[in-house]
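Novice: Structure here, sequence nowhere to be found:
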C-alpha cells in the first residue's frame, strides 16, 4: 500500500544552520509523483517542488535542495542557511493512480521546523 | 496572483449544529478537492469534483457530510450535525486537471464545542 513516512516530528535549529527533512515513501507503481509542501501558521499549503518517478536528478533552488533516491525510496529536503521565516510544518506527499483511476495525494504526518533567532 | 479562496477562516460551533464552508477555486480549474486535516496530521481527501460531478467521495462520512459544486465553479461542504471529532482544518484545493499541481486555500479551522 502507498505510504509516506516523515519520522521527524519536530526539528529545532538555530538561524543559519542547515537542516534536512527526511521523507520515505512506499508505492507499488513505477509511475508516481513526489511533492513537498510548506504549511506556515496561516494555514495554507504552499507548493515547493514536484518530482516524477522517472526523474532522479537532484535539484537546487536558492536555499532549498532535494535529494531523490529511488533505491532507498527517499525524497529528502534540505534548507541551507535556515532563516526564521522557514519556520513551518513541512509535508511530503506521494501521488499515484488509484484503483478507481483517480490520482490521490498521500501526505506524511509533517515535520515541524522551528528556526530560532 | 490567483488563489483558492475559502470562507470563513475560523468557525466555532456547538455540537449537533449545522456548519457550512465555502470554496472558490482558481478560475478555470476543473478539479476541486476538499481535505480534512486533523491537528498533527497530514491532509486527507474527503471529496473530489471534476467540474460539477463527484469523482471520489469514498472517505466522506456521508451520514453527516455533504458537498456540492452545482455550477462546476465554487463549492460548499456541509456538516450536519457537527460532532466534537469534526474539529479540524478543512482545506480546499483546485487544479487544472487531475494530474496537474494542486493549489490549496488557507483553510477553515473548525472547532466544535
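Specialist: Perfect, thanks for sending it. Predicted, not measured: the structure shown is a model, and the values here were computed from it.

Novice: Going by C-alpha atoms from here, please, whenever you check contacts or count neighbours.
Specialist: Noted.

Novice: and the end-to-end length of stretch B:58-73?
Specialist: 22 Å (C-alpha to C-alpha, to the nearest Å).

Novice: neighbours around the nearest residue to residue B:88 once chain neighbours are set aside, how many?
Specialist: What sits nearest to residue B:88 in space, not counting adjacent residues and going by C-alpha to C-alpha, 6 or more residues apart in numbering or on different chains, is residue B:38, at 4.8 Å. Neighbourhood size, residue B:38 [other C-alpha atoms under 10 Å in any protein chain shown]: 16.

Novice: Next: residue A:22.
Specialist: When neighbours are counted by other C-alpha under 10 Å, residue A:22 registers 18.

Novice: The residue nearest to residue B:88 touches residue B:85, doesn't it?
Specialist: No. Checked against C-alpha atoms under 8 Å, the pair residue B:38 and residue B:85 is beyond contact range at 9.3 Å.

Novice: Can you give me the pLDDT of residue B:1?
Specialist: pLDDT recorded at residue B:1 is 67.

Novice: same check, this time on residue A:96
Specialist: At residue A:96, pLDDT is 82.

Novice: Roughly how far does the residue nearest to residue B:88 sit from chain A?
Specialist: Residue B:38 sits 10 Å away from chain A, going by C-alpha to the nearest C-alpha, to the nearest Å.

Novice: Tell me which residues touch that residue, please.
Specialist: B:87, B:88, B:89 (C-alpha atoms under 8 Å, 6 or more residues apart in numbering or on different chains).

Novice: And the next helix or strand past the helix or strand that contains the last one?
Specialist: Yep, that's residue B:89 we're talking about. Using DSSP states H and E, residue B:89 maps to strand B:88-95. Following strand B:88-95 in sequence order, the next helix or strand is strand B:103-104 (DSSP H and E).
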